[in-house]
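Peer 1: Give me a model of this one.
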Amino acid sequence: MNAQFNLMEKIQKLKREKKAVILAHNYQRPEIQDIADFVGDSLELSLCAAQTDAKIIVFCGVNFMAETAAVLNFDKKVLIPDRNALCPMASMLPAELVRLYKRKYPKAKIVLYINSLAEAKAYCDAVCTSANAAEIVNRMDSEVALFGPDVNLARYAQMKTGKKIIPMPRYGFCPVHKLFNKNSIIRLRQAYPDAEVMAHPECDPSIWEVADFVGSTSRMYGRALASKANGFIVATEVGLLHRLKKDKSEAIFIPAYEEAICVNMKLHTLEKVYLCLRDEKYKIRLPPKIISKAREPIEFMLKIRETQR
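Peer 2: Numbering: from 1, shown residues only. Sure, this is the predicted structure:
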């Protein structure tokens, strides 16, 4: 514990000296969340990245998140502690596949989940997160939308909007959210009859059927804090439970599946954050053309968010 505390002190010192900010996703290790200046979901972190006046952004998340921060902050250093922190789902939608679908459906608007690579975002009309997917799709002046890379979020947005949504690719998915099982959740519900079931829209629709609430990690967090329930069965990556337990310590939070772990998110450690800050590595580098083209659809999403505040 002393070694960990000393490392955290060193990180705080470096952060002050270098005018840096540390952003951490809800799925990060507990100690990474505890050292971060801000913890949140993709939308919250995007807003934070767009508004920060820090000279250096250390992004503890997976590659597409750090890329988004780099697109919004082309004049700042955006660093990722472990450059191997890749998102398998984002890799399912390369830019070439977006171009292929665009040629096949020239009249359809393209909405990409923020969980996509910057090279893919460069060809879309708007970016969304799991918190605002339906709203962004509704904003498109087209009854048909191409949506990727998560097929379950595409289904969720179609259910909420009534628009025709064509997923790209046809079977894009998050490996972690594929782990949840409907019958297992039913059994947990029997064991904890007073608990609410919260599920992420990246889960299969069968999981939505047994959930009391379906939403992004930020909305699950808000739901838990506002609810009078004292127990919650949580169907998303287990990292979120640390934040929930910290901020609602009187409640019980039960993972819908204890092994729902994103190993790529967990690659970041305190030591890697320290080395990242000390040596200012590893910098996110994107071609200027990609930055320019990807910024517009991301800013479209952020402007909608700002008008709602």
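Peer 1: Alpha carbons only: can I get the least confident helix or strand in the chain by mean pLDDT in PDB?
Peer 2: Ranked by mean pLDDT, DSSP states H and E, the weakest helix or strand in the chain is helix 42-51, scoring a mean of 83. The C-alpha coordinates for helix 42-51 follow below in PDB (Å, rounded to 0.1, in the frame of the first residue of the first chain):
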ATOM      1  CA  SER A  42     -17.400   8.100 -23.400                       C
ATOM      2  CA  LEU A  43     -19.700  11.200 -23.700                       C
ATOM      3  CA  GLU A  44     -18.600  12.700 -20.400                       C
ATOM      4  CA  LEU A  45     -14.900  12.200 -21.200                       C
ATOM      5  CA  SER A  46     -15.400  13.700 -24.700                       C
ATOM      6  CA  LEU A  47     -16.900  16.800 -23.100                       C
ATOM      7  CA  CYS A  48     -14.100  17.000 -20.600                       C
ATOM      8  CA  ALA A  49     -11.500  16.600 -23.300                       C
ATOM      9  CA  ALA A  50     -13.100  19.300 -25.400                       C
ATOM     10  CA  GLN A  51     -13.200  21.800 -22.400                       C
END
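Peer 1: what residues are up against Ala131?
Peer 2: Contact partners of Ala131, counting by C-beta atoms under 8 Å, 6 or more residues apart in numbering, are Asp41, Ser42, Leu43, Gly215, Ser216, Ser218, Arg219. To be clear about C-beta, it is placed using only N, CA and C from the backbone, and glycine gets the same treatment.
Peer 1: change it to 10 Å
Peer 2: By C-beta atoms under 10 Å, 6 or more residues apart in numbering, the residues touching Ala131 are 41-44, 114, 201, 215-219, 222, 305.
Peer 1: what does Thr129 give?
Peer 2: With C-beta under 10 Å, 6+ apart, Thr129 has these contacts: 41-46, 113-115, 136, 153, 216-218, 301, 305.
Peer 1: Same check on Ala294?
Peer 2: Contacts of Ala294 by C-beta under 10 Å, 6+ apart are 67-68, 70-72, 112, 116-124, 127, 286.
Peer 1: quick one: it from Arg278, how far?
Peer 2: Distance, Ala294 to Arg278, by C-beta to C-beta, to the nearest Å: 30 Å.
Peer 1: any idea of the mean pLDDT in the helix ranked longest in the chain?
Peer 2: Ordering each helix of the chain by length in residues (DSSP state H) puts helix 288-307 first. For helix 288-307, mean pLDDT rounds to 88.
Peer 1: chain center to the helix or strand hosting Met159: distance?
Peer 2: Per DSSP states H and E, Met159 falls inside helix 151-161. Relative to the mean C-alpha coordinate of its chain, helix 151-161 is positioned 17 Å out (C-alpha atoms, centre = their mean, to the nearest Å).
Peer 1: hang on, the earlier thing: TSV please, covering the contacts of Ala131 and showing distance to Ala195 and neighbour count.
Peer 2: Formatted as TSV, the contacts of Ala131 follow (distance: C-beta to C-beta, whole Å; neighbours: other C-beta atoms under 10 Å):
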residue	distance to Ala195	neighbour count
Asp41	22	24
Ser42	26	25
Leu43	26	22
Glu44	25	21
Ile114	30	25
Pro201	20	27
Gly215	16	20
Ser216	20	24
Thr217	18	28
Ser218	20	19
Arg219	18	19
Gly222	17	14
Arg305	31	17
